[in-house]
Structure formats: C-alpha cells, structure tokens
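K.L.:
Using only what follows, build the 3D model:
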Amino acid sequence: MAGRRPPVSAPTAVVVRLKLSLLRNGLRQSAGRRAAYVASAVVVLLFAALQLVGLIALRGHAHAASLVVLLVAVLALGWAVMPLFFPSGDETLDPTRLVMLPLRPRPLVRALLAASLVGIGPLFTALVLAGSVVSVAHGAAAYGVGVLGAVLGLLVCVTLARAVAAANIRLLTSRRGRDLAVLSGLVVAIGAQVVNFGAQRLGSSGLGQLDPAADVLRWVPPAAAIGAADSASEGSYGTAAAQLLLTLAALAALLVLWERSLTRLMTAPDGSTLQAAGAGTRERRGSSGLARLLPAGRTGTVMERSLRYVWRDPKTKAAWVTSLAIGLIVPVFNALQGTGSPYFACFAAGMLGIQMYNQFGQDTSAFWMVALSISSTRDAYAELRARALALLVITLPYTALVAVVTTGLLDDWPRLPEVLGLSCALLGAMLATGAWTSARFPYSIPQEGYKNVAPGQAGLAWIAIFGGMVAAALLCAPVIAATIWLNVSAGGAAWTWVLLPVGAAYGATLTWLGLRLAAPRTAARLPEILTAVSKG
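P.N.:
Next up is the predicted model:
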C-alpha cells in the first residue's frame, strides 16, 4: 500500500480544469474585471444570437450559400490572426509554461485542443457555424453533412489558432511580439471600415457579386465544410464528400504542424535573447546616420528621444499607429463611398495633433532626468520646442499626404490649398494647446496592462484632451471663417489659394505662442509634473 502510486488523471481533463481555474481565478481578482467579462460575454453572445437569427432568415435565398461561405472564411481568418494581435488573451496559448512537465507532444495536443473549446470564442464560432448550416442545408442528408462539417469547421478554426500561436510563441513573448499587439487597433479600425464599405456595396448591388469569390472559397477549409452542406442539398454527394475530406485533411495537417511546433518548443533552447541583442545592435548602428540629420544640441537630443519613444515604447507606438490609421481611414473611406469632402482630410491633423497632449506622461518616473536638465524658462521652452518639432517630422508630411489623397479621390484639386491651410492651422493650434495642457494637466501612463491613464487621473486626461481640442477648434476660428467667406463671396474662389500660406503662418504663430506660454508654467511645476507622471 505504501509503494502504490496515486492515480494520475488524464492530461486532457487536467488541462481543461486548468483552463477553468485560470478563468475563475482571473474573475476573482476584482469586481471590475468580473463586470467587464460579463458585459463582454453578454455582448458577444447577443451578437452571435442576432447572427444566428439572421442566417436562419437567409434560408432559401438564392445567394445564401455564397454569403455563409465567405462568412466562415472571414471567421477562420480572425482565428488565425487572433494569437498574433492578442497574445495575452488566453494564458494557455503559451505551451512553454508546461515545458518542465513530463508530457508527450501528442497527448498535450489533445489536451490543449480540448481546453481551446472552452470559452466565449468557440461558442460564438459554433453558433455562427450552426446558423450557416441551417441557412444552406435542405434535407436529412444535407443536415447530416452540415453537422459533421460544423464540427470539423470548429476544430479547424481552433487548431489554426493554436498552430499559429505555437509556431510564433517565441516572437509573441518577446518585446517585438508585444509591439506587434499594437497593430490590433489598426486591424480593428481598418476591418470596421472595410466591413462598413462592403455592407454598403452589398446593400446597393445585391449578394450576387459574392458568387465568384464564394466559388473559390468553398474549396478552402474550413469554408469547404459549409460548402459541403450546400453541395449535399443540391444532390452533389461526391462534391460534398470531397469538400469534407479536404477539411479533414486540413485539420490533420494543422495538427501535425502544431505537434511539431510543440516538439521544437519542448526540446530546443531559447535563443531569442541573443537574437534580440543582435537585432538591437544592428538597429543602433543603422540609426546613427539618421540621428546626424537632426539639429545639434539639446533640440536634436530631445527630438531623437521622442522619435525613439514612438518606435520603441508600446503605449506610445499604439497611440501613434491608431492616430495614423484613423486619420487616413476616415477621409479616404468616406471619399470612396462618395459621401466625403476634401475638408475631411483635416481629421488627420486633428488625430495627430492629439499626440502633443501629455508629453511628459510618456516619460513616466524617468521624467526626473528631464527635470534635472531644466533650470530656467529657456530650458523648458527648448524642451517643448524640440518635442513639437519631433511631432512635426511625422505629422506635417502625413497630413499633406492625406490631403492630397483625399482631394485626388474626390477629383477636387482646386480645394487642395485651402485644405492644406486649414490642416496646418489646426495642427498648430493643437500643438499650442497640447504644450500648455502637458504642463497644466499631466497624468501618468501605466506601462503594464491596457489602461492609458493611471487610477484616479481619468479626470485630468479628459480635461487635457477634450478641453484642448475644443480650445484648438476655437483658435482656428479665424481661418475657418476666412475659408467660408472666400467660398461664399463673389469672386472669392479665385483667392482660396491664399489660405495655404495664411494657414501655415497662422499655425506656426499659434505654436510659437503656445510654447512661450507653456514654458514658464513647465519650469515652475517640475515637482508637480514628476509626481503626476510617476503614479503609473
């Protein structure tokens, strides 16, 4: 009795219980996290239920099969990219945490696959696949094929996500992998606009234009599994069997790829640190030439530091990527939809000008080094001016690019000078108000987690950003009034080109005045600024 070993549970059951324990313990951390999880679950399930009802309502439509095939293909694409942009969304995605356990790759694959089926994502996918089957299946045979296809489709989606995560786990757990998650905001922004644009096109042209793409995707797993139900409904049982076999082969290939990646992770040494160090050395060598293009002295040093923040700091990079993406997406997509205006290009200047707000927050507690270098109002002015110049290195050419692209898509070239003038004026106003609010309403940006404001400082952030935006809009009122007057007055259209130099000069003047007003306040409030930005 003393030498008998205790019974060992199957790895699958243990890993599934581990997944449930991670979920339960995560919800126990705080009431806010529980509320966020419950709210997100309710929203996702409600959206899935609405999709299920909509897909069932499509039953009998001539082009229902084309729509559901494309829907499942897009769903699989989402599963494929999810681990790349949200690596921390599921802690069981990292199999290296189990490397010290005596587990073989094949049982581990089965266990992790079973654990992957637990969660809101798999439930949402199952509901969409169920609605797709009901939408296209007609007859008992088609329903039988559809149920099998839905199961295979769900397994392919989950296995695809796991295989992608296992193949890229070294990247995803590194600094560059965390930086890759920054692009999630860009993907979501572009995806939302693409969906909106596609929905408008479908609403005006009908679902028939989906047929050519659906004819190809019905042979691409896991969309082929739903295509099999449609083929069985039409009596093409050989085609349905081929599509199911193709999906089954894709599932087997993904499982083999996943198992090989797990074997490599469990046995190969981690050389990511050495690779990262070598990459950093190469990066430093390559950046020395660009640094020589910057001005000498304090201005060039501060500009280089600010630009390095944009490139290396995850939170700063996330803000810049989001602003660059939305600043281009809004005017361009509106122009493509035929509802835009050249003046929408000013949206890019507004989004990029926001980056001037809370300049010292990105320094966090390291701001003490900046504070030590400021001993007078002149030093504070030089610091703020250099930060503004670093922003202008990116914002000025990008704003001009967005204005040119927008006016070109609308074929309204005569308005380009006034659009550029308005953009320059707005950008100058936001730089001016941003410098002042950075000194008056600084707040901390936590380095860990997804929050961009430290607890207790949300009010400061709202005042700084929205108050500054309103003030910037009011400061641009003279240029806006001049633009309206020239466009409505007789013969004024011939003089709209004057708005370009006037707007540029007005924006430069506002920036200079804003920096001059913010410099003495910055020099006088260095201890308060350091305290405010160190709370995260």
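K.L.:
show me where pLDDT drops low in the stretch 51-200 of the chain?
P.N.:
When residues are selected by pLDDT under 70, those of the stretch 51-200 of the chain lie in 84-102, 169-200.
K.L.:
which residues in it form helices?
P.N.:
64-85, 105-116, 120-136, 140-167, 169-172, 175-180, 183-205 (DSSP state H, counting those that start in this stretch).
K.L.:
so Pro501 is in which element?
P.N.:
helix 499-524 (DSSP states H and E).
K.L.:
looking at this protein, which helix or strand does the model trust least?
P.N.:
helix 272-291 (a mean of 47; mean pLDDT, DSSP states H and E).
K.L.:
what about the stretch 401-536 of the chain, any weak spots by pLDDT?
P.N.:
In the stretch 401-536 of the chain (pLDDT under 70), the answer is 447-452, 454-456, 458, 460, 536.
K.L.:
one more time with 90
P.N.:
Residue ranges of the stretch 401-536 of the chain with pLDDT under 90: 408-415, 438-473, 480, 483-497, 528-536.
K.L.:
what are the ranges of the helices in it?
P.N.:
Counting by DSSP H, counting those that start in this stretch, the helices of the stretch 401-536 of the chain are 416-440, 458-462, 468-475, 477-488, 499-524, 526-533.
K.L.:
which of those helices is buried the deepest?
P.N.:
Counting by mean count of other CB atoms under 10 Å, helix 416-440 has the highest mean neighbour count of the helices of the stretch 401-536 of the chain, with a mean of 27. C-beta coordinates here come from the backbone N, C-alpha and C atoms, glycine included.
K.L.:
name the helices or strands packed onto that one?
P.N.:
Counting contacts by 3 or more CB pairs under 8 Å, 6 or more residues apart in numbering; DSSP states H and E, helix 416-440 packs against helix 346-353, helix 377-410, helix 468-475, helix 477-488, helix 499-524.
K.L.:
let's see it at 10 Å
P.N.:
With contacts taken as 3 or more CB pairs under 10 Å, 6 or more residues apart in numbering; DSSP states H and E, helix 416-440 sits against helix 346-353, helix 377-410, helix 458-462, helix 468-475, helix 477-488, helix 499-524, helix 526-533.
K.L.:
Could you dump the ones you listed into CSV and include distance to Val38?
P.N.:
Shown next, in CSV, are the helices and strands packed on helix 416-440 (distance: least, CB to CB, whole Å):
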stretch, distance to Val38
helix 346-353, 32
helix 377-410, 40
helix 458-462, 22
helix 468-475, 33
helix 477-488, 45
helix 499-524, 44
helix 526-533, 33
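K.L.:
which one of those lies closest to Val136?
P.N.:
Among those, the nearest to Val136 by CB to CB is helix 377-410 (37.8 Å).
K.L.:
Give me the angle between that closest one and helix 346-353.
P.N.:
150 degrees (axes from the mean of the first three to the mean of the last three CA atoms, to 10 degrees).
K.L.:
of all the helices and strands packed on helix 416-440, which lies closest to Val134?
P.N.:
helix 377-410 (41.1 Å).
K.L.:
and the closest one, what other elements does it pack with?
P.N.:
helix 298-312, helix 314-336, helix 346-353, helix 367-372, helix 416-440, helix 499-524.
K.L.:
Give me the buried positions along that helix.
P.N.:
379-392, 394-396, 398-400, 402-403, 405-407, 409-410 (16 or more other CB atoms under 10 Å).
K.L.:
What of stretch 216-232?
P.N.:
For stretch 216-232, by 16+ other CB under 10 Å, it's 217-218, 220-232.
K.L.:
ok, so of those, who is nearest Ala65?
P.N.:
Using CB to CB, these come closest to Ala65 at Asp230, 4.2 Å.
K.L.:
show me what contacts that closest one?
P.N.:
64-66, 68-69, 132-133, 135-138, 142, 145-146, 149, 214, 218, 236, 239-240, 243 (CB atoms under 10 Å, 6 or more residues apart in numbering).
K.L.:
Apply 6 Å and report the result again.
P.N.:
Residues in contact with Asp230 (CB atoms under 6 Å, 6 or more residues apart in numbering) are 65, 136.
K.L.:
check which helix or strand covers it.
P.N.:
With DSSP H and E as criterion, Asp230 is part of helix 223-233.
K.L.:
Could you look up the next helix or strand downstream of that helix?
P.N.:
helix 237-267.
K.L.:
Quick check: phi and psi at His61.
P.N.:
Phi and psi for His61, reported as degrees, to the nearest 10, are phi -70, psi 150.
K.L.:
State the distance from it to Tyr398.
P.N.:
Counting by CB to CB, to the nearest Å, the separation of His61 from Tyr398 is 44 Å.
K.L.:
Minimum distance to Pro478: which of the helices and strands packed on helix 377-410 has it?
P.N.:
helix 499-524 (7.1 Å).
K.L.:
For the closest one, what is the distance to the chain centroid?
P.N.:
Relative to its chain's centre, helix 499-524 lies at 32 Å (CA atoms, centre = their mean, to the nearest Å).
K.L.:
That helix vs helix 346-353, what angle?
P.N.:
Using the same axes, to 10 degrees: helix 499-524 against helix 346-353 is 20 degrees.
K.L.:
which residues touch Val330?
P.N.:
Phe347.
K.L.:
Quickly note the distance from it to Asp215.
P.N.:
Using CB to CB, Val330 is found at 34 Å from Asp215.
K.L.:
follow-up on the earlier one: let's have the helices and strands packed on helix 377-410 in a markdown table, adding distance to Trp485.
P.N.:
Output for those, formatted as a markdown table (distance: least, CB to CB, whole Å):
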| stretch | distance to Trp485 |
| --- | --- |
| helix 298-312 | 38 |
| helix 314-336 | 24 |
| helix 346-353 | 18 |
| helix 367-372 | 44 |
| helix 416-440 | 12 |
| helix 499-524 | 11 |
